[in-house]
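# Sequence and predicted structure below; questions after.
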Amino acid sequence: MIRLDGVSKRYPDGTVAVHELSLDVAKGELVVLVGPSGCGKTTTMKMVNRLVEPTGGRIFVDGADVTHTDPVKLRRGIGYVIQNVGLFPHRSIVDNVAVVPELSGWSKARRRERAHELLELVGLPPDTYARRYPHELSGGQRQRVGVARALAVDPPVLLMDEPFSAVDPVVRGQLQDEFLRLQEDVRKTILFVTHDIEEAVRLGDRIAVFAQGGRLEQFDTPASILGA
Ligand code: ADP
Ligand code: ADP
């Protein structure tokens, strides 16, 4: 579903963020990218949805070369969840979840119905949370809203960049549990970045271990990586 073929990224200042990376994610698979800060994980994710253009190699999503896909269309099929969510502070939770449906021209009634369904799915009962504003939620709850928003138009692919890293360990464990249950239902194809190896082992079907300089050191199942 996602394939990177000898992908490199050298930023204009000469920094090599990713070096000849080849990686694939099967449909419904969750691949975790782990490694120290600065080893190219975020750059890798951003090349998949074309927030960053590679300087070498090719990337395919669902068989199509992303450099030949209109970025707006590409991103409708790729939900994106980041560390501090970036919710719009002056929009209610229901309107934050429905941002992409709104851009896609859905009617107000349909957006509301979809947002309520998703809030329920991520454990934020809409009767309580839909009309609140981001500052009225805890960090963990805001991350749940971020997941709901990313799922709004039911994209087949999710990119998740340290989605649970900004919350305390107890809440992180809860979010991981809930996320695993959610993934059983929705079966998205997922690239997931973390620097927490325990999180990687817990969530990943396979783990890609990055080394400094954007090189792939290992790419295997958690069991094989722990046994290695
Ligand atoms: P990670 O997500 O693993 O922390 P990043 O992909 O964010 O790594 O960064 C990889 C390398 O590329 C780092 O050395 C970082 O400083 C550099 N980098 C990231 N973004 C840019 C940019 N826009 N311009 C120049 N260098 C960048
Ligand atoms: P967490 O353990 O997820 O970090 P917090 O300790 O921040 O949660 O919040 C605990 C509870 O308090 C949550 O259920 C949240 O809904 C509620 N809460 C936190 N901040 C506010 C607020 N500003 N207004 C209303 N409820 C809040």
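Noted; the coordinates are in hand. Ligands and ions are numbered 1, 2, ... in the order given.
# When you work out contacts or count neighbours from here on, use the C-alpha atoms and nothing else.
OK.
# Counting neighbours, what do you get for the residue nearest to Val147 when sequence neighbours are not counted?
Nearest residue to Val147 in three dimensions, chain neighbours excluded: Val81, at 6.3 Å (Cα to Cα, 6 or more residues apart in numbering). Neighbouring residues of Val81 were enumerated by other Cα atoms under 10 Å; the total is 25.
# partner residues bridging Val81?
Met160 (DSSP bridges).
# Could you double-check that it lies in contact with Asp161?
Yes - using Cα atoms under 8 Å, Val81 is in contact with Asp161, at 6.1 Å.
# Quick check: residues of this structure near ligand 1?
Taking Cα under 6 Å from any ligand atom, the part of the chain that reaches ligand 1 is made up of Tyr11, Asp13, Thr15, Ala17, Ser37, Gly38, Cys39, Gly40, Lys41, Thr42, Thr43.
# Using TSV, please lay out the residues you listed together with pLDDT, secondary structure and neighbour count.
Below are the residues of the chain next to ligand 1 laid out as TSV (pLDDT from 0 to 100; DSSP: H, G, I helix; E, B strand; the rest coil; neighbours: other Cα atoms under 10 Å):
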residue	pLDDT	secondary structure	neighbour count
Tyr11	97	coil	15
Asp13	96	coil	6
Thr15	95	coil	10
Ala17	97	strand	20
Ser37	91	coil	13
Gly38	93	coil	15
Cys39	95	coil	22
Gly40	96	coil	25
Lys41	95	helix	26
Thr42	95	helix	22
Thr43	96	helix	21
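# for this structure, which spans come out with low pLDDT?
Across the chain, residues meeting the criterion (pLDDT under 70) sit at 228.
# Strands along that one, start to end?
Under the criterion DSSP state E, the chain carries strands at the ranges 2-10, 16-25, 30-34, 56-61, 64-65, 78-81, 157-161, 189-193, 206-211, 215-220.
# nearest to Asn49, of those strands?
For those, proximity to Asn49 was assessed by Cα to Cα; strand 78-81 is nearest, at 7.0 Å.
# what's the longest helix anywhere in the chain in contact with?
Longest helix in the chain by number of residues (criterion: DSSP state H): helix 169-186. Here helix 169-186 makes contact (Cα atoms under 8 Å, 6 or more residues apart in numbering) with Leu121, Val122, Gly140, Arg144, Phe164, Ser165, Glu199, Leu203.
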